[in-house]
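Asker: Pasted the sequence and its predicted model underneath.
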Amino acid sequence: MRILSGIQPSGALHLGNYFGMMKPAVELQHQGEAYYFIANYHSMTSLFDAQERRKNTLDVALDFLACGLDPSKAVFFRQSDVPEVTELTWLLTTVTPMGLLERCHSYKDKIAKGLSPNHGLFAYPVLMAADILIYDSNVVPVGRDQKQHVEVTRDVAIKFNELYGTTFVIPEPRIGEEVAVVPGTDGQKMSKSYGNAIDIFGEEKATRKKIMGLVMDSRSPAEPKPDADKNLAIQLLKLVAPSEVAKDLEHRLRAGGLGYGDLKKALFEHYWSYFSTARAKRAELLANVSYVQNVLAEGAAKARIVARKVLDRAKEASGLN
Ligand code: ADP
Ligand code: TRP
């Protein structure tokens with residue numbers, strides 16, 4: 001089984017990225033051949049600062065390795081180090097109906113949020129399809145917001161296979177239902193671009209402040225709260241605290257007697273200790289950046305061998321070779 005996923009270097013990684021994509025990806029690396037990459041070409045659709053892209057790319061590499069990506073198990077690389085993917089993108093654009101892209105929520109959401117609609121932003125899912133198809137991927141671990149893009153990939157692959165003969169493996173999205181959408185500090189989907197994110201490796205004081213600032217309602221601590229399971233701090237606690245601890249706090253909130261301040265304090269403590277090993281690992285890696293660069297270079301060399309083979313297969317099938 002081949003597993004593939006990517007993450008954009010468009011800002012600091014947060015709990016949504018971790019629970020929605022990185023943690024499942026790290027778990028899957030033991031179950032097959034995993035290919036994970038930093039989607040720096042994709043980041044060009046919405047980030048226009050070269051220095052920032054370079055810095056974010058190193059940060060994503062550090063974060064992912066600190067969170068358990070094991071380069072002896074998974075192939076880890078930068079998207080642009082395998083330029084074959086852009087050539088395959090062209091082949092795929094010619095079999096991608098405009099309507100399919102026009103329907104993509106992610107594109108519509110980004111426009112609604114004020115991003116200017118450049119062609120790359122519109123064609124984004126075709127590059128993502130090339131990412132997935134060029135490694136003959138079977139399984140794609142992502143958060144729910146990316147499901148539609150994997151469906152576009154399937155449609156495009158099926159169309160190409162029908163026109164030119166079986167060329168591509170048809171991939172499946174893998175979405176952990178319990179963490180499909182991690183809520184941000186405002187209760188909406190946590191996202192780098194919505195200003196509602198709790199970073200995985202956020203600075204201690206600032207993150208404590210962010211968590212203590214989570215907005216709750218005005219009910220008194222003594223009042224029972226039958227809707228305790230909907231409470232934002234409880235939802236986040238379920239991710240970072242042992243399940244019996246989260247259950248106990250939920251129970252106490254429901255029964256009445258637990259104040260929101262104490263609940264948020266518990267959330268911060270569990271968040272902080274959940275990532276303590278990874279935090280130490282990240283500091284070690286930061287002191288050895290050349291090791292990280294090396295991991296990415298070796299990953300790219302391995303990834304390129306597979307990419308070349310699949311691209312040649314597609315060129316042969318479509319009469320280009
Ligand atoms: P962002 O929305 O913060 O820019 P990305 O689009 O770069 O995040 O997403 C990277 C990965 O993290 C994707 O697989 C995406 O589905 C997942 N992800 C992002 N935000 C969340 C969230 N709030 N809940 C679950 N998964 C998420
Ligand atoms: N679009 C994905 C995101 O923003 C990142 C990505 C690019 C990706 N190519 C991919 C994810 C291929 C999975 C597979 O989250």
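Answerer: Looks like it arrived, so ask away. Ligands and ions are numbered 1, 2, ... in the order given.
Asker: Residue 273 versus residue 32, what's the distance?
Answerer: According to CB to CB, to the nearest Å, residue 32 stands 31 Å off from residue 273. No exception for glycine: its C-beta is placed from N, CA and C like everyone else's.
Asker: neighbour count winner among the two?
Answerer: residue 32 (16 against 12; other CB atoms under 10 Å).
Asker: Spit out the contact partners of the nearest residue to the more buried one once chain neighbours are set aside.
Answerer: Among residues not flanking residue 32 along the chain, residue 1 sits closest, at 3.5 Å (CB to CB, 6 or more residues apart in numbering). Listed by CB atoms under 8 Å, 6 or more residues apart in numbering, the contact set of residue 1 reads 31, 32, 33, 138, 139.
Asker: The residue in the chain positioned nearest to ligand 1: neighbour count?
Answerer: Nearest residue of the chain to ligand 1 (CB to the nearest ligand atom) works out as residue 20 at 2.0 Å. For residue 20, the count of nearby residues is 25 (other CB under 10 Å).
Asker: can you check residue 194 too?
Answerer: 14.
Asker: can I assume it is in contact with residue 183?
Answerer: No. Using CB atoms under 8 Å, residue 194 is not in contact with residue 183; the gap is 10.9 Å.
Asker: residues from the stretch 151-300 of the chain in reach of ligand 1?
Answerer: 181, 182, 189, 190, 191, 192, 193 (CB under 6 Å from any ligand atom).
Asker: So how do I select the buried members of those in PyMOL?
Answerer: A single PyMOL command selects the buried members of those (16 or more other CB atoms under 10 Å):
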select buried, resi 182+189+190+191+192
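Asker: Dump the residues of the stretch 151-300 of the chain next to ligand 1 to a markdown table, plus secondary structure.
Answerer: Listed next are those as a markdown table, based on DSSP: H, G, I helix; E, B strand; the rest coil:
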| residue | secondary structure |
| --- | --- |
| 181 | coil |
| 182 | coil |
| 189 | strand |
| 190 | coil |
| 191 | coil |
| 192 | helix |
| 193 | helix |
